[in-house]
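**Student:** coords below, sequence missing:
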């Protein structure tokens, strides 16, 4: 068993085939997503690869982010505005204990290489990451785990009628009315991208509807970021070829009214991004598009529909349940690193306290 540190995209790209195998078909864990992100965002990879002889058996998909305040921090590849969820150590479950031991030993032995390991939005049920942070704590690293934004998931029943039975009476009535009056009418067409030519047609529709809707809310929109826009466009082409992309758009009276950017793995659909025509909100294009995509997911026998992170009220309305996540941190087993981490936590706690106090004053001004 051996471990190699990989710090360049040139070192990562030859591993794409084995990486794909270990990712198990989950797009956000795969090389197209994570290596592509590193390239478009000009990140500094810090990927720990674990080998059994000449066979790759595990990867820690990390990068470095240096700052005066926190020192040299190890973070996820794919973090920031891209919002990559469900990341973990990439390995087979049967190899997890060995992979964790190799990575924990290396981090302790090479503790001068890093000050803080900070991994956000870790699934609370992720046993492999739990093993890693337990192993680091056992090796004298100071570890913490704080609640982070939940991911919201619908456990899909086998068919649409069974799904409707899960809804409140009023919501069920609304969904049936939307299907009868709009989705099943000649005025509505739902289109799913299946070919590169269709993707070429759909992509500007998706971007336009997303940007117009976010702009109408006074926000710049995700595609205003050149790295985000270029990364997602390239990623869409790669994942379409692997049947891991779900781009769709809904037309009302011959004009695009809603569009969705979703990703797929064998059992799950991940609802990543979307947009609606802000001039047609009275027609509820977002609701209609969600009905169509849920229909399709159940027809393909997917077992879950994941709205990903964020506590927007509409997710619970569709009977999604929150899946807790954690921000997990570990300070390197050096006195200076532990003291720096403790000081930063104290400063963050004070900032949060002052912020909550100020909000309380603003909410209840003296009269």
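**Tutor:** Yep, it's here. What you are looking at is a predicted structure, and each value in this text was computed from that prediction instead of being measured.
**Student:** so the residue nearest to residue 12 when sequence neighbours are not counted is in which element?
**Tutor:** Leaving out its chain neighbours, the residue that sits closest to residue 12 by Cβ to Cβ, 6 or more residues apart in numbering is residue 35, at 5.1 Å. The way it works is simple: take the backbone N, C-alpha and C, and place the C-beta from them, glycine included. Per DSSP states H and E: residue 35 is located in helix 31-40.
**Student:** which element follows that helix toward the C-terminus?
**Tutor:** As assigned by DSSP H and E, the chain's next helix or strand after helix 31-40 is strand 44-45.
**Student:** packing partners for that next one?
**Tutor:** Applying 3 or more Cβ pairs under 8 Å, 6 or more residues apart in numbering; DSSP states H and E, we find strand 44-45 packed against helix 9-12, strand 62-67.
**Student:** which residues does the residue nearest to residue 12 contact?
**Tutor:** Applying Cβ atoms under 8 Å, 6 or more residues apart in numbering to residue 35 gives the contacts 9, 12-13, 16, 19, 77.
**Student:** ok, now residue 78?
**Tutor:** 28, 33-34, 37, 61, 84, 87.
**Student:** next, the angle from the helix holding residue 35 to strand 62-67.
**Tutor:** Counting by axes from the mean of the first three to the mean of the last three Cα atoms, to 10 degrees, helix 31-40 points 30 degrees away from the direction of strand 62-67.
**Student:** I'd like the mean pLDDT over helix 31-40, please.
**Tutor:** The pLDDT scores in helix 31-40 average 98.
**Student:** how much distance is there from it to the middle of the chain?
**Tutor:** Taking Cα atoms, centre = their mean, to the nearest Å, one finds the center of helix 31-40 at 14 Å from the center of the full chain.
**Student:** coming back round to it: reformat the helices and strands packed on strand 44-45 as CSV; add distance to residue 302 and mean pLDDT.
**Tutor:** As requested, the helices and strands packed on strand 44-45 are arranged in CSV below (distance: least, Cβ to Cβ, whole Å; pLDDT from 0 to 100):
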stretch, distance to residue 302, mean pLDDT
helix 9-12, 30, 98
strand 62-67, 30, 92
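**Student:** the ones you listed: which one's closest to residue 138?
**Tutor:** strand 62-67 (20.4 Å; Cβ to Cβ).
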